[in-house]
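Trainee: structure for the following, please:
(2 chains)
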Number of protein chains: 2
Amino acid sequence: MAEKEISQAVIGRLPRYFRYLGELKERGIERISSQELSDIMKVTASQIRQDFNNFGGFGQQGYGYNVEYLYDEISKILGIDKQHSLIIIGVGHLGQAIANYTNFTRRGFVFKGAFDTNPELYGTKIKDVEVRPIEEIEDFVIKNKTEIAVLTVPKDQAKSLAARLSKCGIKAIWNFAHVDLDVPENVQVENVHLSDSLMKLSYNINRYENKTKK
Amino acid sequence: MAEKEISQAVIGRLPRYFRYLGELKERGIERISSQELSDIMKVTASQIRQDFNNFGGFGQQGYGYNVEYLYDEISKILGIDKQHSLIIIGVGHLGQAIANYTNFTRRGFVFKGAFDTNPELYGTKIKDVEVRPIEEIEDFVIKNKTEIAVLTVPKDQAKSLAARLSKCGIKAIWNFAHVDLDVPENVQVENVHLSDSLMKLSYNINRYENKTKK
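Mentor: Take a look at the predicted model:
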């Protein structure tokens, strides 16, 4: 596979390819052309070929891609052929929703620790994982070589937690707090800003109404 | 404001501008230059000017933008100067997390109805809203002129629900189910695919490790 910097836009599309390929695999389909993939995914075949060319093209022949090979290759590129340990900080509804996603476990993300500031929750369990005080994060991350921290805390706590996590060697933060985090370049951040997403939806309602009013 | 089709990439950045402007407003700051905004938001000043030029430029003078004016204009563009009624379908942890986000209420998204397939939940309340059987969705949406449906159901239920919602006049679906929906063009869809986001994070961990190994 050619080593070069791939744009985040291409990366952002890989999980969707992976999802569709997983479904094809489950249905027992062995080969698929870029045109067929284009039809089911509703992106152009040329976009698919361009995206895949970033990774050497995945050996498409005249008769298309090998579904299982493509699935496995994309899973390696996404790093989900390995296990990743994950802790959840903030075990409100959102934290619990994430802890309970069986899909994440299937993809190799293993839920190892839960932390909260509410003493009433200490010692209670979420999916067999005990909730601990937020003060114990550093110890836990270092001892357990935790890779990913999921932040589902209010925004006023998120920045200082991100700084603490960065110092004790966390590799990545999955940030649900409604604030941008400032971390060193060895810590990867992926934001899920739900308000931003809802506003985008509201924009598109508005735009459609303005368009059809005319 | 000039009427033209704005790219979804630009739209995707508007909520973030809105968030930073809200913070500036709260801090009592009245004017800001594109350079100052660039420094705090970590995007180039040229990007900011280009983005704003899509909406007529927001009247920047030599001494910068009027924060309150810019905030109000962006809120109008995003359609959050009006109220939007919202129902949540699927009241597991994720549905409850969304119902409880006070931030959404502040932005004019009003939680009006909750639906689930679990009979044990019927009649229980989430934030003063009674949980109803999923069969009642059509009646409710029509009677209450509901605009937005939040789908936090398993993926095998999402597609048929999207079809039902489209038929009874919903304007938008905020989709958390891990599947792409196929709806008519008068229904706006915004997806939050959490697995996709987590895989992107995993990719970036992998990429960073490969980069530093060399």
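Trainee: packing partners for the helix or strand of chain A with the lowest mean pLDDT?
Mentor: Lowest by mean pLDDT, DSSP states H and E among the helices and strands of chain A is helix A:102-106, with a mean of 82. If contacts are counted by 3 or more C-beta pairs under 8 Å, 6 or more residues apart in numbering or on different chains; DSSP states H and E, helix A:102-106 sits against helix B:194-213. Every C-beta, even on glycine, is put in place using the N, C-alpha and C of the backbone.
Trainee: got the contact list for the helix it packs on?
Mentor: A:3, A:6, A:8, A:11-12, A:14-16, A:18-19, A:77-80, A:84, A:98, A:101, A:103-104, A:107, A:109, A:147-148, A:171-172, A:174, A:185-186, A:188, A:190, A:192, B:176, B:178 (C-beta atoms under 8 Å, 6 or more residues apart in numbering or on different chains).
Trainee: can you rerun that using 7 Å?
Mentor: A:11-12, A:14-16, A:18, A:77-80, A:84, A:101, A:103-104, A:107, A:109, A:147-148, A:171-172, A:174, A:186, A:188, A:190, A:192, B:178 (C-beta atoms under 7 Å, 6 or more residues apart in numbering or on different chains).
Trainee: can you select the buried ones among the residues you listed for me in PyMOL?
Mentor: One line in PyMOL is enough to select the buried ones among the contacts of helix B:194-213; burial here means 16 or more other C-beta atoms under 10 Å in any protein chain shown:
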select buried, (chain A and resi 11+14+15+16+18+77+78+79+80+84+101+104+107+109+147+148+171+172+174+188+190+192) or (chain B and resi 178)
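Trainee: now, the contacts of helix B:194-213 that are in strands?
Mentor: A:H84, A:F109, A:I148, A:A172, A:W174, A:Q188, A:E190 (DSSP state E).
Trainee: OK, contacts around the first one?
Mentor: Meaning A:H84. Counting by C-beta under 7 Å, 6+ apart, A:H84 has contacts A:G108, A:F109, A:V110, A:E147, A:I148, B:S202.
Trainee: repeat for the last one
Mentor: A:E190 makes contacts with A:W174, A:N175, B:S197, B:K200, B:L201, as judged by C-beta under 7 Å, 6+ apart.
Trainee: against A:I48, how distant is the fourth one?
Mentor: The gap separating B:K200 from A:I48 is 18 Å, by C-beta to C-beta, to the nearest Å.
Trainee: relative to A:E138, how far out is the nearest residue to A:G123 once chain neighbours are set aside?
Mentor: Leaving aside its sequence neighbours, A:G123 sits nearest to A:E130 (C-beta to C-beta, 6 or more residues apart in numbering or on different chains; 6.1 Å). Using C-beta to C-beta, A:E130 is found at 17 Å from A:E138.
Trainee: turn the ones in strands among the contacts of helix B:194-213 into CSV, including pLDDT.
Mentor: Listed next are the ones in strands among the contacts of helix B:194-213 as CSV, based on pLDDT from 0 to 100:
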residue, pLDDT
A:H84, 95
A:F109, 94
A:I148, 97
A:A172, 98
A:W174, 97
A:Q188, 97
A:E190, 96
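Trainee: circling back to that earlier point, most neighbours, which of the contacts of A:E190?
Mentor: Most neighbours among the contacts of A:E190, by other C-beta atoms under 10 Å in any protein chain shown: B:L201, with 27 neighbours.
Trainee: tell me where the model's unsure across chain A.
Mentor: Residue ranges of chain A with pLDDT under 70: A:1-4, A:60-62, A:214.
Trainee: again, only this time at 80
Mentor: A:1-5, A:56-63, A:102-103, A:213-214 (pLDDT under 80).
Trainee: the domain parsing of it - what is it?
Mentor: Per automatic domain parsing, the structural domains of chain A span A:8-77, A:84-196.
Trainee: can you measure across the first one, start residue to end residue?
Mentor: The first and last residues of domain A:8-77 sit 13 Å apart, counting by C-alpha to C-alpha, to the nearest Å.
Trainee: same thing with the last one?
Mentor: Across domain A:84-196, the terminal residues are separated by 28 Å (C-alpha to C-alpha).
Trainee: and A:I137, what does it touch?
Mentor: Counting by C-beta under 7 Å, 6+ apart, A:I137 has contacts A:I89, A:F115, A:R164.
Trainee: go again using 10 Å as the cut-off
Mentor: A:I87, A:I89, A:G113, A:F115, A:T146, A:A149, A:L161, A:R164, A:L165, A:C168, A:I170 (C-beta atoms under 10 Å, 6 or more residues apart in numbering or on different chains).
Trainee: buried ones in the host helix or strand of it?
Mentor: Element membership for A:I137 (DSSP states H and E) is helix A:137-144. By neighbour count on 16+ other C-beta under 10 Å, the buried set for helix A:137-144 is A:I137, A:F140, A:V141.
Trainee: quick check, A:S75 in contact with A:R106.
Mentor: No. Counting by C-beta atoms under 10 Å, A:S75 stays clear of A:R106, with 11.4 Å between them.
Trainee: what's the spacing between A:I89 and chain B?
Mentor: 15 Å (C-beta to the nearest C-beta, to the nearest Å).
Trainee: what's the distance between the closest residue in space to that residue that isn't next to it in sequence and A:A149?
Mentor: Counting by C-beta to C-beta, 6+ apart, A:I89 lies nearest to A:F115, which is 4.7 Å off, once chain neighbours are set aside. Separation of A:F115 from A:A149 (C-beta to C-beta) stands at 9 Å.
Trainee: ok, now A:G92?
Mentor: According to C-beta to C-beta, A:G92 and A:A149 sit 16 Å apart.
Trainee: comparing the two, which residue is more hemmed in?
Mentor: Relative neighbour count places A:A149 above the other of A:G92 and A:A149, with 26 against 17, counting by other C-beta under 10 Å.
Trainee: who are the contact partners of the more buried one?
Mentor: Here A:A149 is in contact with A:86-89, A:113, A:115, A:137, A:141, A:161-162, A:164-166, A:168, A:170-175, A:187 (criterion: C-beta under 10 Å, 6+ apart).
Trainee: rerun at 8 Å
Mentor: Contacts of A:A149 by C-beta under 8 Å, 6+ apart are A:L86, A:I87, A:I88, A:I89, A:I137, A:V141, A:L161, A:L165, A:I170, A:A172, A:I173, A:W174.
Trainee: hang on, the earlier thing: hang on, the residue nearest to A:G123 is in a strand, isn't it?
Mentor: Yes. Counting by DSSP: H, G, I helix; E, B strand; the rest coil, A:E130 is found in a strand.
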